[in-house]
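Asks: Just the structure for this:
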Amino acid sequence: MDATTDDLALIADYLTHVRVEKRLAARTQALYAAHLHDLYRRAQAEGTELKAVTPSQARHWVAQLHAAGRQPRGIALVVSSWRGFYDWLGRTGGIDRHPLHGVRPPKAGKPLPKALAVEDALRLAHGPAQTAGGDRVTEALAHAQRCGDRAMVELLYGSGLRLGELLGLDVQAGPHARGWVDAQAGEAHVCGKGGKWRTVPVGGPALAALADWLSVRAQLLRVPDESALFVGVRGERLTPQVARRRLAVWAAEAGVAVHVHPHMLRHSFASHVLQSSGDLRGVQELLGHGSIASTQIYTRLDFQHLSRVYEAAHPRARRGAGATAGPGAAEPTPPAAAGNPDG
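Replies: The predicted structure follows:
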């Protein structure tokens, strides 16, 4: 077996490993195959067998990916697939040294969370217009689902819950409950990341939406003692996939132009509370962040909002404004403030 055949056989064996033993998704397997065959071509171009690749060669190829315009996150996926291949080779005794040791992809800039404008958030909370259609049973089930969707939107945006925290809520407190809403106190008790419990306020609109949902929830139940607060059409605890899909449909029917996902409502909650209060520590507590650094990203969102207002309204903010004007030159007329400062 020549070196070329041997290298291709190694890749094939590793892809069998990730399919059979690691059981990676088909999409991930396809990406691994593409990245490893790219590695093979790079090694071939330099007359190197895959087992003989050196760290300096690996670093050079990563630099080439970066120079070609590949985004840092994409490069990180490539490096991860290469590293997994060589990890496997090391475990099977195929290599003496790991060529990816110390090789790191370029750092990716941390993207800002996407938050809705206040107007869009309120439009989402108001929801789509209710339309009648179908027989009485079908219409009753559709009404029940709309009530559940409205309650979910109100809790996600009104209390800043994570999707997992929302779907983990039970109808009432109990020894095995992962969260519940105390309507009388106007509070939700949720178990967040790392098993940390916190209490967050629940506003009047959310409590009203929850009351409406609880009045019709039984119509979707298959077993009367189901503990989950939010259930789907099969009467079981709602899954994240279904919740995301229902929120996207709700937003589109409500006339919100952007694609809305559950975490966007948590971002919107944090951004809007911070814009109004300026209380970073308070927002940290409400979100359940262990570190203030995790919350500080919302100050960047707030600064972007202020920057847009400044650039739209201040006569000296626009680039080049007054730069060539001599003494006594007329000042430009300031434009009207932007109607949607949150973007």
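Asks: any idea whether the residue nearest the centre of the chain is helix, strand or coil?
Replies: The centroid of the chain falls nearest to His263 when counting by Cα atoms, centre = their mean (5.5 Å). Secondary structure, DSSP: H, G, I helix; E, B strand; the rest coil: His263 is helix.
Asks: How about the secondary structure of Arg281?
Replies: helix.
Asks: these two touch, right, it and Ser291?
Replies: No. Look at Arg281 against Ser291 with Cβ atoms under 8 Å: they stay out of range, at 11.8 Å. Yep, even glycine has a C-beta here, placed from its N, CA and C like the rest.
Asks: low pLDDT regions in the stretch 51-200 of the chain?
Replies: 109-112, 131-134 (pLDDT under 70).
Asks: the strands in it, which residues?
Replies: Along the stretch 51-200 of the chain, the stretches classed as strands by DSSP state E, counting those that start in this stretch are 179-182, 187-191, 197-201.
Asks: Quick one: closest of those strands to Leu100.
Replies: Among those, the nearest to Leu100 by Cβ to Cβ is strand 187-191 (37.8 Å).
Asks: Next, the angle strand 197-201 makes with the longest helix belonging to the chain.
Replies: Longest helix of the chain, by residue count under DSSP state H: helix 136-159. With axes from the mean of the first three to the mean of the last three Cα atoms, to 10 degrees as the basis, helix 136-159 and strand 197-201 are set at 100 degrees to each other.
Asks: pull the CA atoms of helix 136-159 into CSV?
Replies: The C-alpha trace of helix 136-159 is given here as CSV (Å, rounded to 0.1, in the frame of the first residue of the first chain):
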residue,chain,number,x,y,z
ARG,A,136,-65.5,24.1,17.6
VAL,A,137,-62.9,21.4,18.8
THR,A,138,-60.2,22.6,16.4
GLU,A,139,-60.8,26.3,17.3
ALA,A,140,-60.7,25.4,21.0
LEU,A,141,-57.4,23.7,20.7
ALA,A,142,-56.0,26.5,18.5
HIS,A,143,-57.1,29.0,21.2
ALA,A,144,-55.4,26.9,23.9
GLN,A,145,-52.2,26.9,22.0
ARG,A,146,-52.3,30.6,21.4
CYS,A,147,-52.8,31.1,25.2
GLY,A,148,-49.7,28.9,25.8
ASP,A,149,-47.6,30.8,23.3
ARG,A,150,-48.6,34.2,24.7
ALA,A,151,-47.6,33.0,28.2
MET,A,152,-44.3,31.8,27.0
VAL,A,153,-43.5,35.1,25.2
GLU,A,154,-44.5,37.1,28.3
LEU,A,155,-42.2,35.0,30.6
LEU,A,156,-39.3,35.0,28.2
TYR,A,157,-39.4,38.7,27.6
GLY,A,158,-40.9,39.8,30.9
SER,A,159,-38.7,37.8,33.2
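Asks: packing partners for it?
Replies: helix 118-126, helix 163-167, helix 204-216, helix 240-254, helix 262-277 (3 or more Cβ pairs under 8 Å, 6 or more residues apart in numbering; DSSP states H and E).
Asks: tally of neighbours for Gln57?
Replies: By other Cβ atoms under 10 Å, 16 other residues sit near Gln57.
Asks: Kindly apply the preceding question to Leu31 instead.
Replies: Neighbours around Leu31, by other Cβ under 10 Å: 16.
Asks: before we move on, what about the one 3 residues further on?
Replies: Neighbourhood size, Ala34 [other Cβ under 10 Å]: 12.
Asks: do Ile292 as well
Replies: 11.
Asks: shouldn't it be in contact with Gln284?
Replies: Yes. Look at Ile292 against Gln284 with Cβ under 8 Å: they come within range, at 5.5 Å.
Asks: sorry, back to before: so can I have CSV of the helices and strands packed on helix 136-159 showing distance to Arg70?
Replies: Compiled in CSV, these are given as follows (distance: least, Cβ to Cβ, whole Å):
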stretch, distance to Arg70
helix 118-126, 33
helix 163-167, 31
helix 204-216, 44
helix 240-254, 29
helix 262-277, 26
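Asks: With that, I have no additional questions.
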